[in-house]
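> okay, sequence plus prediction incoming.
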Amino acid sequence: MAGESRLNDFFDEAKKVAEFLLESISKERNILVISHMDADGISAAGIMGKALFNAGAKFCIRIERWMDEKVLDEACLHGEDTLLIFTDMGSGYLDILGAKVGDRRIVILDHHQPIGNSKESFLQVNPHLFGIDGSREISSAGIAYLVAKFLDGKNINLAYLAVVGALGDLQDKFDDRRLGGVNELIVKDAVESGFLSVETDLLFFGRETRPIHKALAYTANPYIPGISGEEDKSLAFLSELNIELKRNDRWRALRDLSQDEKRRLFSALHDYLVSRGFRSEVAMRLLGAVYVLVKEEPWTPLRDAREFALLLNATGRMEVPGLGVAICMGDRSEAYEEALKTLDEYRQTITKYLRWLDENSNRIEEWDSIYVLHGEKDIDERAISTISTILSTNLPKPNKPLIAYSFIPREKILKISARTTDSLAKMGLNLGEIIRVAAEKCSGVGGGHDIAAGAQIPYERKIEFLKNVNLLVKKQIERLKKNEGGSQNNISI
Ligand code: C5P
Ligand code: C5P
C-alpha cells in the first residue's frame with residue numbers, strides 16, 4: 001500500500017468532499033449521482049444513495065453505460081443549483097468534463113486512471129493521485145464509502161457494499177484471493193459493523209446457491225480437467241467420496257458441507273490434480289478468502305459477496321440497474337425478486353454466447369501481440385465485457401491481451417472490451433493507456449485500468465484501431481523488456 005502520509009492525504013480529500021456535501025445538503029440543493037453500470041458502479045451509487053438518504057438530502061441516481069458528451073449534456077440540463085456527483089466514471093475524461101460543465105463545482109469519486117486536466121472547481125477523489133493503485137487497492141464503491149463514513153460515522157454499516165464493489169471489479173488479487181490495500185481497512189469496518197465474516201474455504205462459485213456438484217463443475221480457476229464443465233463427472237467424483245448430495249430432498253450447497261467433508265473434498269481434488277501433472281500450488285488455488293455477508297439470508301446470492309456482485313452486474317448489463325441500486329439501498333422484496341429473474345436471464349445470455357463461441361472459434365484470432373474477438377453483431381454489446389473477462393482467463397497464450405468488440409448497429413459504433421493478465425499488468429503493460437491512445441487516433445474515446453480497459457470508436461475505423469492496438473502493445477512490451485529492472489512508472493507509449 002502507499003506510504004501512510006499519502007493515505008492520509010487521500011482520506012483528507014474524501015473528508016473535504018463529505019464536508020462539501022454536508023454544506024450542499026444544508027442548503028437543500030438537489031443532488032444528481034451519475035454512476036457506471038457495473039457491480040462497482042452500482043454499489044458506489046447505492047452507498048451514495050443510502051448516505052444521502054440518511055442525511056436527508058434531495059437526490060436522484062442515474063446509471064450510465066459510459067461517460068460521453070451525450071451523458072454530460074443530459075446532466076447539464078440540470079441547472080447549476082443541482083450538484084453533480086460522478087461515481088466510477090469521470091477521471092478518465094477530465095477534459096470532456098471540463099468543456100461541458102465549465103466552472104461548475106462537481107464531485108468525482110473514481111478509481112480509473114486520471115486523464116487530462118482537472119479544473120480547480122472539480123472535487124476529485126481518486127487513489128491514483130495519491131500513489132494508491134486504483135485497479136487493486138480500492139474501487140469506486142470504496143471511495144464512495146470513505147466519503148459516506150466522513151459524512152456520518154453510522155455509515156460504517158455500508159462498508160459491506162464497498163466489499164461487494166471491490167469484488168465485482170475483481171480486486172481480490174492478494175494472497176489467497178484476498179482484498180488488500182485500502183480495501184483491507186474497509187473489510188475491517190464491514191467485519192466490525194457486524195455485516196461481514198471472512199473465512200478461508202473452497203472457492204467454488206455459487207457456494208450459497210448451487211448444488212455442490214454444479215458449483216464444482218462451474219469452477220474453472222483452476223481448470224480441473226475431466227471435472228470443470230462436466231456436471232456428471234463432478235457428481236460421480238463427489239459420490240465416490242461419499243459426500244451426500246441431497247439431504248431431506250434438497251440439494252446441498254457448499255455452505256452445507258461439514259468441515260470434515262470439505263477437508264476430504266479438497267484433499268481428493270488436490271491429489272486428482274497432482275496425479276494429472278499439476279503442481280500442488282495450482283490445487284491450492286481452490287482455497288481462498290470467502291466474504292460472507294452474515295446478515296443476508298443463507299442460500300441466497302446475497303449471502304456471498306462475490307455472488308452479490310454478480311447479481312448487481314446482471315442488473316446493470318441487462319439494463320435494469322435500478323433494481324441493483326434498490327437492493328444496495330435495502331430492498332429485499334420486489335426489486336430483489338425481479339433481480340433474481342434478471343440474474344437467470346443474464347446467466348443464460350452469457351452461456352449462450354460462450355456456446356456460440358465454442359462453435360465459432362474462428363471468431364477469435366491470434367495476432368502478433370494480441371488476441372482479437374470479433375463479436376460483430378453476433379455478441380450483444382451488453383455482454384461483451386463479461387465475455388471478454390471470462391475468455392481472457394482461458395487463452396492459449398496468456399502473454400497476449402484480448403481485445404473483444406461488438407458492433408452497435410443503431411449507433412454505428414464499435415464497443416471494445418480489452419483485458420490483459422495479471423502478469424503482463426505487473427510487468428508494466430498499461431492497457432488503459434494503449435486503448436485510449438488507439439481510440440483517440442480513430443476519433444473515439446477509451447481508457448480504464450492497466451488490466452481492463454474499454455473504448456467506443458466509429459465502426460469504419462475498426463481495422464485501423466486493432467492494428468494500432470497490436471502495434472502499441474508490441475512496442476510497450478519490447479520497451480518493458482528492455483527496461484526490466486528499471487522503474488516501471490516511467491514507461492509510456
Ligand atoms: O469501470 P470499472 O473499473 O468498475 O470496471 C472494471 C471492469 O473490468 C469490471 O467489469 C471488471 O470485472 C473488469 N476486470 C477484469 N479483469 C480484471 C480486473 C477487472 O475483467 N483483472
Ligand atoms: O466496458 P468494460 O467493462 O470492458 O470496461 C473496462 C474498463 O474500462 C472499465 O473500468 C470501464 O469503466 C473502462 N472504460 C473507460 N472508457 C471507456 C470504456 C470503458 O474508461 N470508453
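Received the coordinates, thanks. Ligands and ions are numbered 1, 2, ... in the order given.

> Asp368 against Lys474, yeah?
Yes: applying Cβ atoms under 8 Å as the test, Asp368 and Lys474 come out as touching, 6.1 Å apart. For glycine as for every other residue, the C-beta is placed from the backbone atoms N, C-alpha and C.

> who's more crowded, those two?
Lys474 (14 against 10; other Cβ atoms under 10 Å).

> doesn't that one fall inside a helix?
Yes: according to DSSP: H, G, I helix; E, B strand; the rest coil, Lys474 belongs to a helix.

> who's in contact with the spatially closest residue to it that is not a sequence neighbour?
Excluding its sequence neighbours, the residue lying closest to Lys474 (Cβ to Cβ, 6 or more residues apart in numbering) is Ser369, at 4.1 Å. Applying Cβ atoms under 8 Å, 6 or more residues apart in numbering, we find Ser369 in contact with Lys400, Pro401, Asn470, Leu471, Val473, Lys474, Ile477.

> nearest to Thr209 among those residues?
Pro401 (32.4 Å; Cβ to Cβ).

> can you show me the strands along the stretch 351-493 of the chain?
Per DSSP state E, counting those that start in this stretch, the stretch 351-493 of the chain carries strands over the ranges 364-366, 371-374, 402-408, 413-419, 445-448, 452-458.

> of those, which approaches Ser197 most closely?
For these, the distance to Ser197 is smallest for strand 452-458, at 28.7 Å, taking Cβ to Cβ.

> who does the closest one pair up with?
strand 413-419 (antiparallel), strand 445-448 (antiparallel) (DSSP bridges).

> how long is stretch 72-88 end to end?
15 Å (Cα to Cα, to the nearest Å).

> hmm, it touching ligand 2?
No: applying Cβ under 6 Å from any ligand atom, one finds stretch 72-88 out of contact with ligand 2, separated by at least 6.8 Å.

> so for that stretch, mean pLDDT?
Stretch 72-88 shows a mean pLDDT of 96.

> quick one: contacts of it?
Outside stretch 72-88, the residues touching it (Cβ under 8 Å, 6+ apart) are 21, 24, 29-36, 38, 40-41, 44-45, 48, 62, 67, 96-97, 100-101, 104-112, 139-141, 143-144.

> which of those residues count as buried?
21, 24, 29, 31-36, 38, 40-41, 44-45, 48, 67, 96-97, 100-101, 104, 106-112, 139-141, 143-144 (16 or more other Cβ atoms under 10 Å).

> in stretch 469-489, what counts as buried?
Val469, Asn470, Leu471, Leu472, Val473, Gln476, Ile477, Leu480.

> revised request: answer the last question for stretch 63-71.
Ile63, Glu64, Arg65, Trp66, Met67, Val71.

> hang on, the earlier thing: so which of the strands of the stretch 351-493 of the chain is nearest ligand 1?
strand 452-458 (3.2 Å; Cβ to the nearest ligand atom).

> anything in that closest one near ligand 2?
Yes: judged by Cβ under 6 Å from any ligand atom, strand 452-458 and ligand 2 are in contact via Ala452, Ala453, Gly454, Ala455, Gln456.

> hmm, Val445 and the third one touching each other?
Yep, that's Gly454 we're talking about. No: with contact defined as Cβ under 8 Å, Gly454 and Val445 do not form a contacting pair (9.5 Å).

> neighbour count for those two, which is higher?
Gly454 (27 against 21).

> before we move on, the earlier item: to Gly116, which of the strands paired with strand 452-458 lies closest?
strand 445-448 (9.9 Å).

> centre of the chain to that closest one, how far?
16 Å (Cα atoms, centre = their mean, to the nearest Å).

> great, nothing more from me.
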